[in-house]
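Colleague: have a look at this prediction, sequence included:
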Amino acid sequence: MVLFSQKLARLLNKSITKGRFILTSGKPSSYYLNARKVTLTPEGAYLATQLVFKIIKENRIKAVGGPTVGADPILGSLAYLAYLEKYPLKTFIIRKHAKNHADKKQIEGPSLNKRDQILLIDDTTTTGKSLIESAQVLRSRGFKVHKAASLIDRNEGAKENLANIGIEFSSVFTIKNFKICE
């Protein structure tokens, strides 16, 4: 897994853009790490999925999902790998708002069971806002969420904010793993 981490870190390093940005959290930043430039490539998807799948197996997770768009590429790859590995896993995405057409769902994917051990994932976290909103959607429907993970933690409060609502957070990398000069 160390080799996977090193290769993925090299790819993610190339997805960093310097400039002035406002992040999903609302915070300003002098850089943007667009992980989808990596998770939507064959190599990046493979590496990210292997590393997240390790977390899933170690925690005996039965359902994994997260906020659309950051989680989407990882979730598609996880579903594929779980099938190959014969690991029983449900994947789902959470829309910002419920659809106003068709089935009007906010949670897309197979039906979840209230007993499922759920892991929320995202590609990058700053304050954890997107994961917290996803947890609120799930909890409002009676699901229990105790764990969350991301590929990259920007170390700007996500771990603490998630802990405040009873969710244990981990990441594959922190921003310290990358060559960023603020």
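Modeller: Received, thanks.

Colleague: quick test: name the residue nearest the centre of the protein.
Modeller: In the chain, the centroid-proximal residue (Cα atoms, centre = their mean) is Asp122; its distance is 1.7 Å.

Colleague: direction included, what does the one helix or strand that residue maps to pair against?
Modeller: Element membership of Asp122 [criterion: DSSP states H and E] is strand 118-125. Applying DSSP bridges, strand 118-125 is found paired with strand 63-67 (parallel), strand 145-153 (parallel).

Colleague: one step back: which residues touch the residue nearest to the centre of the chain?
Modeller: Asp122 sits next to 66-67, 70-71, 130-131, 148, 150-151 when contact means Cβ atoms under 8 Å, 6 or more residues apart in numbering. All C-beta spots, glycine's among them, are computed from the backbone N, C-alpha and C.

Colleague: switch the cut-off to 10 Å
Modeller: Contacts for Asp122 (Cβ atoms under 10 Å, 6 or more residues apart in numbering) come out as 24, 35, 66-67, 69-71, 74, 128-131, 134, 148-153, 158, 171.

Colleague: so which residues of the chain form strands?
Modeller: In the chain, the strands defined using DSSP state E lie at 16-22, 28-33, 63-67, 90-94, 107-108, 118-125, 145-153, 168-174.

Colleague: where in the chain is pLDDT low?
Modeller: Scanning the chain for pLDDT under 70 picks out 181-182.

Colleague: at 80 what do you get?
Modeller: Applying pLDDT under 80 to the chain flags the ranges 1, 98-100, 104, 179-182.

Colleague: next, format the strands of the chain as a markdown table and append distance to Gln6.
Modeller: Shown next, in a markdown table, are the strands of the chain (distance: least, Cβ to Cβ, whole Å):
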| stretch | distance to Gln6 |
| --- | --- |
| strand 16-22 | 17 |
| strand 28-33 | 17 |
| strand 63-67 | 24 |
| strand 90-94 | 26 |
| strand 107-108 | 33 |
| strand 118-125 | 18 |
| strand 145-153 | 14 |
| strand 168-174 | 11 |
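
Colleague: so for Gly19, which of the strands paired with strand 118-125 sits nearest?
Modeller: Gly19 sits nearest to strand 145-153 of all the strands paired with strand 118-125, at 17.9 Å, using Cβ to Cβ.

Colleague: now the closest one: buried residues?
Modeller: By neighbour count on 16 or more other Cβ atoms under 10 Å, the buried set for strand 145-153 is 145, 147-153.

Colleague: with only the CA atoms kept, save that strand in PDB.
Modeller: C-alpha atoms of strand 145-153 as PDB (Å, rounded to 0.1, in the frame of the first residue of the first chain):
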ATOM      1  CA  VAL A 145     -23.000   7.500  10.700                       C
ATOM      2  CA  HIS A 146     -19.900   7.100  12.900                       C
ATOM      3  CA  LYS A 147     -17.000   7.200  10.300                       C
ATOM      4  CA  ALA A 148     -15.900   9.500   7.500                       C
ATOM      5  CA  ALA A 149     -12.700   9.600   5.400                       C
ATOM      6  CA  SER A 150     -11.200  11.600   2.600                       C
ATOM      7  CA  LEU A 151      -8.300  11.300   0.300                       C
ATOM      8  CA  ILE A 152      -6.800  14.700   1.400                       C
ATOM      9  CA  ASP A 153      -7.400  16.600   4.600                       C
END
